[in-house]
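**Q** generate coordinates for the sequence data below:
(chains A and B)
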Amino acid sequence: MNFQFANVLVYILLGAITAALMLGLGWLLRPSNPERRKLSTYECGEPPSGSAWINFNIRFYLVALIFVVFDVEVAFVYPVVVAFRDYVLQGKGLLVLAEILFFVGILFVGLVYVWAKRDLEWVKQVRTAA
Amino acid sequence: MQQLADRLIDTGFLQGLPRGLGYVIVVALFAFLMLNFIMLVAGVTSWLERRVWARIQSRIGPNRVGPQGSIQWLADGIKNIMKEDIVPSAADAPLFRFAPYLAMMGFFGAFAVVPFGDGLIVADINIGVLYVSAVTALVVVGILMAGWSSNNKWALLGGIRSAAQIISYEIPAALAVLTVVLFTGTLSMQGIIRAQGWAPWNWFLFHNPFTFVAFFLFFVSALAEGNRTPFDLPEAESELVAGAFTEYSGLRSLLFFLVEWGNLYLIGAICTTLFLGGWQVPAFTDSGLVLGLAQVLTFFLKAYFLVFVAMWVRGTLPRVRVDQLMTLCWKYLVPIAFVNMILAAFFAAILPNGSIFVKAGMCVFGLGLAVHFFQRVLFHLRRAKPELHLSPIV
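**A** Numbering: from 1, shown residues only, chains lettered A, B, ... in the order given. The predicted structure follows:
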């Protein structure tokens, strides 16, 4: 197993090394004539108006929040699902199935809640008091 | 791969070397081979995609460099190496330079667990599929970093969209993987392939209706995670210039596109592993070498067929809007994937080894679907005949 995981590490590093080698080769070959206008930010040829580091749409944060909840949940289901087949072959399938159902059910309620609160819609309609 | 390394050191051409050194040599050799394989596949895909896409749109595509333009990708690579590397003065330079490295690391890391044949896998780790979804997430960080550090409005929008899109589609993809894992009991890539057979009725695609649905869920989610049309919002060239990569020039942008085209093969390989029986071939010969070659070829052709389908989809469908993208993921794919997984769990609890009748039924259904599809294609081809001036081959 250690050999396998060492290999995985080698490949992740290989990605970085390949990128470095290619960029190094490019550094030897490419021209470098920096100029003020060339280094300015591209905005369709107009002079850029201000920085891009601004507040942006909050929807992206909400999506990320919902994602975190569901991804953690999926991460917890992974080991159960891997062991599921063994349990079924031992005749305890329905017990494990009930446990999965219970766990996933709670999160499904979460999805329904987010849906009902209209947080899955990209443009949230806020009902104002009449 | 450890068995292969052991065999080479004990009896092969590395005989007599200390074990540690032998391992290092084998690993380095395979890393070099894999590097060439990835570059070749990504490069050829970039050319083939433009040809296929042009053909779909009644254009010709690149056909000047080499026969049929087949070394266009080399010319593009050389052009990109010779280009000036521009780091905008307003950008966050260290992050801007570091972003392609992260994308490349995530992309190469995933190739460590892509199988090629029986025993031909770099690292057959017991968490294979989970590892793939974990390590490819590095690509998202790379794209988000590229988008934010450019200090460009197009790039920022592209990067943020990409992050939102990729993390959203991670959920249905993972649930579709879990649907298969219910029937294998292992996450190892080779283990999943060994649980299938060479014949289509032994593939997980036709194992039962739920894995059949899971295949489509996974393929759609994988296309979205690979930033492919119809989900190519992060680079959306008609609205965001080049999205997250707007400020990148020359080699650095090439690295991102290398990741994109290489990812296409990765998607095909993982789909093949999970649903299409991987490298399984019937044992038609005693020669281990011939059998091994047949396995490698089978796996590559299956994976590349899916790459072709992805090109086809790209040439056919328009891009979705960002709200449609999120609606599709959270209101359709996620609930369907949840219900699908639960139903598959019921199925697995009742029939852990599947049922021959279900498999036969699914095969007939799949065949019927394919026949219907080709009938429609033929119908449209016949209708469009007067308008087709170019032969589809040239």
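
**Q** okay, CA-based contacts and neighbour counts for the rest of this
**A** OK.

**Q** now do the buried residues in the longest helix seen in chain A.
**A** Ordering each helix of chain A by length in residues (DSSP state H) puts helix A:59-89 first. Within helix A:59-89, the residues that count as buried by 16 or more other C-alpha atoms under 10 Å in any protein chain shown are A:59, A:63-64, A:66-67, A:70-71, A:74, A:77-78, A:80-88.

**Q** repeat that for stretch B:338-358.
**A** Neighbour-count burial for stretch B:338-358 flags B:338, B:340-342, B:344-349, B:352, B:354 (criterion: 16+ other C-alpha under 10 Å).

**Q** restricted to helices, list these.
**A** Among these, the members found in helices (DSSP H) are B:338, B:340-342, B:344-349.

**Q** turn those into a markdown table, including pLDDT and distance to residue B:314.
**A** A markdown table is the format used below for those (pLDDT from 0 to 100; distance: C-alpha to C-alpha, whole Å):
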| residue | pLDDT | distance to residue B:314 |
| --- | --- | --- |
| B:338 | 88 | 27 |
| B:340 | 91 | 27 |
| B:341 | 89 | 28 |
| B:342 | 88 | 32 |
| B:344 | 89 | 31 |
| B:345 | 87 | 34 |
| B:346 | 86 | 36 |
| B:347 | 87 | 35 |
| B:348 | 84 | 35 |
| B:349 | 83 | 39 |
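
**Q** and those near chain A, which?
**A** B:342, B:345-346, B:348-349 (C-alpha under 8 Å from any C-alpha of the partner chain).

**Q** between these, which is closest to chain A?
**A** Proximity of these to chain A (C-alpha to the nearest C-alpha) peaks at residue B:349, which lies at 5.2 Å.

**Q** is it true that that closest one touches residue A:97?
**A** Yes: between residue B:349 and residue A:97 there is a contact at 7.4 Å, judged by C-alpha atoms under 8 Å.

**Q** ok, residue 24 - how many residues close by?
**A** By default, I'm working from chain A. Residue A:24 has 12 neighbours, counted by other C-alpha atoms under 10 Å in any protein chain shown.

**Q** my bad, the chain I had in mind was chain B
**A** Neighbour tally, residue B:24, other C-alpha under 10 Å: 13.

**Q** which pLDDT does the model give the residue nearest to the spatial centre of chain B?
**A** Centroid-nearest residue in chain B, with C-alpha atoms, centre = their mean: residue B:267, separated by 1.7 Å. Note on residue B:267: pLDDT of 90.

**Q** same thing with residue B:43?
**A** Taking residue B:43 on its own, its pLDDT is 87.

**Q** skip the chain neighbours and tell me the closest residue to it.
**A** Excluding its sequence neighbours, the residue lying closest to residue B:43 (C-alpha to C-alpha, 6 or more residues apart in numbering or on different chains) is residue B:73, at 5.4 Å.

**Q** state the mean pLDDT of the helix or strand hosting the one you found.
**A** Taking DSSP states H and E as the definition, one finds residue B:73 inside helix B:72-81. Across helix B:72-81, the average pLDDT comes to 87.

**Q** and it, what does it pack against?
**A** helix A:2-29, helix B:19-56, helix B:250-275 (3 or more C-alpha pairs under 8 Å, 6 or more residues apart in numbering or on different chains; DSSP states H and E).

**Q** could you point out which element follows that helix?
**A** Using DSSP H and E, the helix or strand that directly follows helix B:72-81 along the chain is helix B:93-111.

**Q** by contact count, what packs against that following helix?
**A** helix A:2-29, helix B:128-135, helix B:137-149, helix B:250-275.

**Q** mind doing that once more with 6 Å?
**A** helix A:2-29, helix B:137-149 (3 or more C-alpha pairs under 6 Å, 6 or more residues apart in numbering or on different chains; DSSP states H and E).

**Q** list the buried residues in it.
**A** Buried residues in helix B:93-111 (16+ other C-alpha under 10 Å): B:95-111.

**Q** so how far is the helix or strand hosting residue B:293 off the chain centroid?
**A** Using DSSP H and E, residue B:293 sits within helix B:288-316. Computed by C-alpha atoms, centre = their mean, to the nearest Å, the chain-centroid distance of helix B:288-316 equals 11 Å.

**Q** where are the low-confidence patches of the chain?
**A** Going with chain A. Chain A contains residues with pLDDT under 70 at A:1, A:125-130.

**Q** switch to chain B, that's the one I care about
**A** Chain B contains residues with pLDDT under 70 at B:1, B:12-14, B:16, B:234-237, B:385-394.

**Q** what does chain A put close to chain B?
**A** A:4, A:8, A:11-12, A:15-16, A:26, A:29-32, A:39-40, A:52, A:81-82, A:85, A:88, A:93, A:122 (C-alpha under 6 Å from any C-alpha of the partner chain).

**Q** residue B:108 and residue B:135, how far apart?
**A** 9 Å (C-alpha to C-alpha, to the nearest Å).

**Q** for chain A, see how far away residue B:96 is.
**A** 13 Å (C-alpha to the nearest C-alpha, to the nearest Å).

**Q** contact partners for that residue?
**A** B:146, B:149 (C-alpha atoms under 6 Å, 6 or more residues apart in numbering or on different chains).

**Q** could you check how far it is from residue B:87?
**A** Taken as C-alpha to C-alpha, the span from residue B:96 to residue B:87 is 8 Å.

**Q** repeat that for residue B:61.
**A** Residue B:61 sits 31 Å away from residue B:87, going by C-alpha to C-alpha.

**Q** out of these two, which sits in the more crowded spot?
**A** More neighbours surround residue B:87 than the other of residue B:61 and residue B:87, with 21 against 18 (other C-alpha under 10 Å).

**Q** got the phi and psi for that one?
**A** The phi and psi values for residue B:87, taken as degrees, to the nearest 10, are phi -110, psi 110.

**Q** and what of residue B:125?
**A** Dihedral angles (degrees, to the nearest 10) for residue B:125: phi -80, psi 150.

**Q** which bits of the stretch 51-200 of chain B sit near chain A?
**A** Close to chain A, as judged by C-alpha under 6 Å from any C-alpha, the stretch 51-200 of chain B has residues B:81-84, B:88-89, B:101, B:104-105, B:108-109, B:112, B:123, B:151-153, B:182, B:185-186.

**Q** could I have the buried ones of those as PyMOL selection syntax?
**A** Of these, the buried ones go into a single PyMOL selection, burial set by 16+ other C-alpha under 10 Å:
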select buried, chain B and resi 81+82+83+84+88+89+101+104+105+108+109+112+123+151+152+153+182+185+186
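
**Q** what residues are up against residue A:93?
**A** Per C-alpha under 6 Å, 6+ apart, neighbours of residue A:93: A:87, B:349.

**Q** 10 Å - rerun?
**A** A:84-87, B:345-346, B:348-350, B:352 (C-alpha atoms under 10 Å, 6 or more residues apart in numbering or on different chains).

**Q** near chain A, which residues of the stretch 251-394 of chain B?
**A** By the rule C-alpha under 10 Å from any C-alpha of the partner chain, the part of the stretch 251-394 of chain B lying against chain A is B:251-252, B:255, B:322-327, B:329-331, B:334-335, B:338-339, B:342, B:345-346, B:348-353.

**Q** apart from its neighbours in sequence, what residue is nearest residue 48?
**A** Just going to use chain A. Excluding the flanking residues, the one nearest residue A:48 by C-alpha to C-alpha, 6+ apart is residue A:41, at 6.2 Å.

**Q** I was after chain B.
**A** Closest to residue B:48 by C-alpha to C-alpha, 6+ apart is residue B:70, at 7.9 Å.

**Q** since that was my last question, I'll sign off now.
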